[in-house]
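Trainee: Quick check, what structure comes out for this input:
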Amino acid sequence: MTSLDAERIRQFATDSARKKLADIEVLAEIDSTNSYLMQSPGPAPGTAKIAATSNQTNGRGRHGKTWQSPPGSGLCMSVAYTFERQPENLPSLTLRLGLGAIDALEELGAAGVELKWPNDLVALNGKLGGILTEVQPKSGRAVTVVTGIGVNVDLPDTIDFGTETDWARQVVDLKMICPAPPKLEKLAGYLTTHLLKAFVEFESSGLAAVAERWSEYDWLQGREITIDTGVGQVSGIGAGIANDGALLVDSPLSGIRRVTSGTIVIAGKRGAKA
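Mentor: Numbers count the residues shown, from 1 in each chain. Below is the predicted model of the structure:
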């Protein structure tokens, strides 16, 4: 099993990111890095705390699903960041952090990484990673957000990720899309740099400033999709995202529809027409 080193993670982050780091904690094994930070005191406004592991035993996805990470096969890390006051349209933060993850992975040589609304990293039409954002209860104006990210780095040849990947044809790791998979500390350091940059930029300008760029990586664009919204299903062709992060679906019966929350249950081939 790969052991992580906090100081090496810090060394791989940029100077500006290191200045914002209140603490980096590496854990040999933990049920969930997100749960751990959600139960810990938040950092001071404008700073971050990180928990990272290569052995997460009970990771959490959206809507109660699980994120499985075989020991040593990937990186699971969470970042707790405190905003001085709650930003507008906080639910769209996950989409901005997705772009931060893309920036880190591309800098490490990963090719063809895309984003599946609202929180998945995709490559080769399979699931490469996922992001989960939660808000820590807090009194006063400041708000602490805990964002967990899991990235598959070097998976066993045979693995079943169950219902978390209903939409995907396969599960993908970095060794499939990089010249050489990065060491976990390097991956964590690069993610730290770009996720903290994303937090800062989201606080100042929200998602709208990068919504057009997000569309460049939109895996659902042009695909025939069905979304379970919890109160019904919406079907049509993926038509990008709005400036506030809502998924746009071109329905043959009702035109462009906005979806602000839901789970993708069907995603067809790109090139479909409404």
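
Trainee: Could I get the full set of helices for this structure?
Mentor: 6-12, 15-20, 33-38, 93-107, 184-205, 211-215 (DSSP state H).

Trainee: These into JSON lines, with extra columns for mean pLDDT?
Mentor: Output for the helices of the chain, formatted as JSON lines (pLDDT from 0 to 100):
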{"stretch": "helix 6-12", "mean pLDDT": "97"}
{"stretch": "helix 15-20", "mean pLDDT": "97"}
{"stretch": "helix 33-38", "mean pLDDT": "96"}
{"stretch": "helix 93-107", "mean pLDDT": "98"}
{"stretch": "helix 184-205", "mean pLDDT": "97"}
{"stretch": "helix 211-215", "mean pLDDT": "94"}
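
Trainee: I'd like these written out as CSV, with distance to W117 added.
Mentor: Where you see a C-beta, it was placed from the backbone N, CA and C, and this is true even at glycine. As requested, these are exported to CSV (distance: least, C-beta to C-beta, whole Å):
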stretch, distance to W117
helix 6-12, 29
helix 15-20, 27
helix 33-38, 20
helix 93-107, 7
helix 184-205, 16
helix 211-215, 9
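
Trainee: Skipping adjacent residues, who's closest to the one residue sitting closest to the centre of the chain in space?
Mentor: Closest to where the C-alpha atoms of the chain average out (C-alpha atoms, centre = their mean) is I131, at 2.6 Å. Among residues not flanking I131 along the chain, N119 sits closest, at 4.5 Å (C-beta to C-beta, 6 or more residues apart in numbering).

Trainee: what's the burial count for that neighbour?
Mentor: Look at N119: counted by other C-beta atoms under 10 Å, it has 19 neighbours.

Trainee: Tell me who's in contact with it.
Mentor: 62, 94, 98, 130-133 (C-beta atoms under 8 Å, 6 or more residues apart in numbering).

Trainee: hmm, back to that, quick one: the residue nearest to the centre of the chain and G100 touch, right?
Mentor: No - counting by C-beta atoms under 8 Å, I131 does not reach G100; the two are 9.5 Å apart.

Trainee: all strands of the stretch 1-150 of the chain, in order?
Mentor: Along the stretch 1-150 of the chain, counting by DSSP state E, counting those that start in this stretch, strands occupy 21-26, 48-53, 59-60, 66-67, 74-83, 114-116, 120-123, 126-136, 143-152.

Trainee: mind putting those in JSON lines, distance to A211 and mean pLDDT included?
Mentor: JSON lines is the format used below for the strands of the stretch 1-150 of the chain (distance: least, C-beta to C-beta, whole Å; pLDDT from 0 to 100):
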{"stretch": "strand 21-26", "distance to A211": "28", "mean pLDDT": "97"}
{"stretch": "strand 48-53", "distance to A211": "24", "mean pLDDT": "98"}
{"stretch": "strand 59-60", "distance to A211": "27", "mean pLDDT": "60"}
{"stretch": "strand 66-67", "distance to A211": "26", "mean pLDDT": "53"}
{"stretch": "strand 74-83", "distance to A211": "20", "mean pLDDT": "97"}
{"stretch": "strand 114-116", "distance to A211": "12", "mean pLDDT": "97"}
{"stretch": "strand 120-123", "distance to A211": "18", "mean pLDDT": "96"}
{"stretch": "strand 126-136", "distance to A211": "17", "mean pLDDT": "95"}
{"stretch": "strand 143-152", "distance to A211": "19", "mean pLDDT": "97"}
